[in-house]
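Student: Generate coordinates for the sequence data below:
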Amino acid sequence: MLRPPGLLYSVDETPPRAVFIVAGLQQVAVMSNSLLYPIILGREARLSPDQLLDFVSLSMLALGMATLLLCAKSRFIGCGYLCPAGYTQFYLGPSLSAAQIGGLPLVFGMTAIAGILQVAIAPVLRRVRFLLPPEIAGLVIAVVGLSIAVLGVRYGLGGAANNGMTSEYFAIFAISLTTMVILNVWTKGYLRMFCLLLGMVVGYAACAALGILDFFAIVPREGLPLLRFPSLHLLQWRFDASMLAPFAIIAIAGSLNLIANVSYAQRINDADWARPNFTSLRGGLGGNGIASVISAVIGGMGINSYGPSVGLSAASGITSRSLAYMIAIAFALLSMVPAAAALITTIPAPVVGGALFFTAAFVFTSGLQAITARLLDSRKIIVIGFSFAMAMIADTSQDLLVRAPALLHPILGNALVLGTVSAVLLNLIMRIGVRQRVTMKLDAGHVNRDTIERFLTEQGGRWGARRDIISRAIFGVVQVLEVVGDVPEETEIEASFDEFNLDVRVRYKGAPLVIPERKPTPREIIASEEGERLLAGYLLCQSADRINCKASGTMAEVQLHYDH
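Tutor: Numbers count the residues shown, from 1 in each chain. The predicted structure follows:
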């Protein structure tokens, strides 16, 4: 991997002890925001204060174990990158429905089924990679960032808590967000690395000054012990066939979300990133499925990779996988401190909003970069544009979708799910009629670079090929024909593509090019008429990943191969 600029500690590096601890706690602070979803579920399930604290404590314990499973680097489990776990909006809707039908036992049982389904999907992920080409993965990453930003605004402006915007919430949201931006942009060292944690601290201080903090609202009358292992009295499991479809849909949507987040983690660790590593994705999905099963077994809701945490690692420049151990230890300890669960349940909404909105910028921008790195023709533009619009509709016009069948609510009610499903389906449709091998015959005469460039660029757009690879191919073809001289009759260019390889063949009537194994000397270049061909053959070797030349009768063929 080529180290990107601004990366302080890469995935395989371990930061110094002080940085290691504080960076881990910063991730814990961000991940704690996702505990809002178990809190909402627990309140809707009408848990008592004691039961709610136990539910939150068990959810923290599940977060720590899930992070280890997601970030591990092994053959079968873990993606090998810093991709911490979190609770997301995916599981909230089906979990609330299950809680209304059969209480938390049904939530736990169906969550385990969803986790088992993800484990089953992981081994066949590579076989369905054509469903998620890099531009679609970039779209999913961008929609993840958009969803995080929308959620951040809702909490930041008080809509999630008070059903309306308040000046106090807006002021705290602005103070927290401004602090994070200033520290990230105009400072260096520890202040930049821990900008989000410091911004949240400033937001907490502002909440205390305005009298918004109410820590004792969740504390039982008899008080809280210093240490206590969370009670397991909520543990029961039930299953209901009517909830199988919603949880299956959410398992697939969660898989797509994980693919996006792991791809993002790969991208921020490699400046030469071109496509997702499916071995890493398969291990991450398997670990995520096991993590959901464990969460259900100990009494928690569905779990997934957490986009804001990956965004934080990009913002801070710390992507070290070793932080997973710090995160797991911290959550294991916090789960035994009832005061920590009480504190998390009272996190001020505008502080959460500022943290989510800040990390959303990095996630969204990375998705756009992955999209624009590819050539896009009208087919790809329709897929990306329509899918992005559908994601926006899910967030801004939910009232239009409430009359749809209940089975479709998990898809239509979530921006990421609707956008991703639209992208996959449209991509399958738009693949119809796209040939993977195309040929163009050239008119005899001088080399027409514009014709060659237009041909390869149009085909690259249909295939979704990388811009830099198509540019290299155009250079190679033009160089071959310029060495040949005037283009002979029956000259043709054939190009084939399969996402991992681009092969271009130039067939012409004449002598084959000589491909030297070493750079020709100036004397060799000027000593004979073949010197120019030797130099051209050497230059082509430098521009293509592999080159071969062969002759058959009066025809010659130059084969240019580019790793994609």
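
Student: only C-alpha atoms for contact and neighbour calcs from this point on.
Tutor: Will do.

Student: residues in contact with stretch 234-248?
Tutor: 51, 91, 94, 98, 102, 104-111, 113-114, 117, 297-299, 407, 410 (C-alpha atoms under 8 Å, 6 or more residues apart in numbering).

Student: Give me the ChimeraX select line for those, limited to the buried ones.
Tutor: Here is the ChimeraX selection string for the buried members of those, based on 16 or more other C-alpha atoms under 10 Å:
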select :51,91,94,98,104,105,106,107,108,109,110,111,113,114,117,297,298,299,410
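
Student: Please list the members of the contacts of stretch 234-248 that lie in strands.
Tutor: Judged by DSSP state E, strands contain none of those.

Student: Of all the residues in stretch 501-511, which ones are buried?
Tutor: By neighbour count, and taking 16+ other C-alpha under 10 Å as the criterion, the buried residues in stretch 501-511 are 502, 503, 504, 505, 506, 507, 508, 509, 510.

Student: What of stretch 178-191?
Tutor: Neighbour-count burial for stretch 178-191 [16+ other C-alpha under 10 Å]: 179, 180, 181, 183, 184, 191.

Student: will you turn these into a markdown table that also has pLDDT and secondary structure?
Tutor: What follows is those, written out as a markdown table (pLDDT from 0 to 100; DSSP: H, G, I helix; E, B strand; the rest coil):
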| residue | pLDDT | secondary structure |
| --- | --- | --- |
| 179 | 95 | helix |
| 180 | 91 | helix |
| 181 | 94 | helix |
| 183 | 91 | helix |
| 184 | 88 | helix |
| 191 | 87 | helix |
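
Student: Could you give the average pLDDT over the helix ranked longest in the chain?
Tutor: If you go by DSSP state H, the chain has its longest helix at helix 92-121. Mean pLDDT, helix 92-121: 89.

Student: out of the buried residues of stretch 501-511, which one sits closest to residue 474?
Tutor: Nearest to residue 474 among the buried residues of stretch 501-511, counting by C-alpha to C-alpha, is residue 504 at 9.6 Å.

Student: distance of the closest one from residue 128?
Tutor: 26 Å (C-alpha to C-alpha, to the nearest Å).

Student: try residue 552
Tutor: Residue 552 sits 39 Å away from residue 128, going by C-alpha to C-alpha.

Student: What ranges does the stretch 451-564 of the chain have for its strands?
Tutor: 492-497, 501-509, 546-552, 555-563 (DSSP state E, counting those that start in this stretch).

Student: who does the second one pair up with?
Tutor: So the one you mean is strand 501-509. Strands that pair with strand 501-509, judged by DSSP bridges, come out as strand 492-497 (antiparallel), strand 555-563 (antiparallel).

Student: Which one of the buried residues of stretch 501-511 is nearest to residue 284?
Tutor: Distance to residue 284, by C-alpha to C-alpha, is smallest for residue 502 among those, at 28.8 Å.

Student: The stretch 401-550 of the chain: helices as residue ranges?
Tutor: 409-412, 415-430, 449-463, 467-484, 522-527, 531-543 (DSSP state H, counting those that start in this stretch).

Student: What ranges does the stretch 201-350 of the chain have for its strands?
Tutor: Under DSSP E, counting those that start in this stretch, the stretch 201-350 of the chain gives strands at 304-305.

Student: which stretches of it form helices?
Tutor: Under DSSP H, counting those that start in this stretch, the stretch 201-350 of the chain gives helices at 244-269, 278-298, 307-316, 323-334, 338-345, 349-372.

Student: Tell me which of these lies nearest to residue 446.
Tutor: Once those are compared by C-alpha to C-alpha, helix 349-372 is nearest, at 33.4 Å.

Student: Tell me which residues are up against whatever helix or strand comes next after the closest one.
Tutor: The helix or strand immediately downstream of helix 349-372 is helix 378-396, counting by DSSP states H and E. With contact meaning C-alpha under 8 Å, 6+ apart, helix 378-396 is reached by 136, 139, 143, 147, 150, 401, 412-420, 422-423, 426-427, 430, 461-462, 464.

Student: Can you name the helix or strand that residue 24 falls in?
Tutor: Going by DSSP H and E, residue 24 is in helix 17-32.

Student: List of residues touching that helix?
Tutor: Residues contacting helix 17-32 (C-alpha under 8 Å, 6+ apart): 14, 84-86, 190, 193-194, 196-197, 306, 308-309, 312, 318, 323-324, 326-327, 330-331, 344, 355.

Student: hmm, try it at 6 Å
Tutor: 86, 197, 323, 326, 327 (C-alpha atoms under 6 Å, 6 or more residues apart in numbering).

Student: Mind exporting the C-alpha coordinates of the helix or strand just after it to CSV?
Tutor: Counting by DSSP H and E, the element after helix 17-32 in chain order, helix or strand, is helix 36-44. What follows is helix 36-44, C-alpha atoms only, in CSV (Å, rounded to 0.1, in the frame of the first residue of the first chain):
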residue,chain,number,x,y,z
LEU,A,36,-28.8,6.1,21.4
TYR,A,37,-30.4,3.3,19.4
PRO,A,38,-30.4,0.7,22.2
ILE,A,39,-31.6,3.5,24.5
ILE,A,40,-34.6,4.3,22.2
LEU,A,41,-35.4,0.6,21.9
GLY,A,42,-35.2,0.1,25.7
ARG,A,43,-37.5,3.0,26.3
GLU,A,44,-40.0,1.9,23.7
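
Student: one step back: please check the contacts of helix 378-396 and keep the buried ones.
Tutor: So, by 16+ other C-alpha under 10 Å, the buried ones in those are 136, 139, 143, 147, 150, 412-420, 422-423, 426-427, 461-462, 464.
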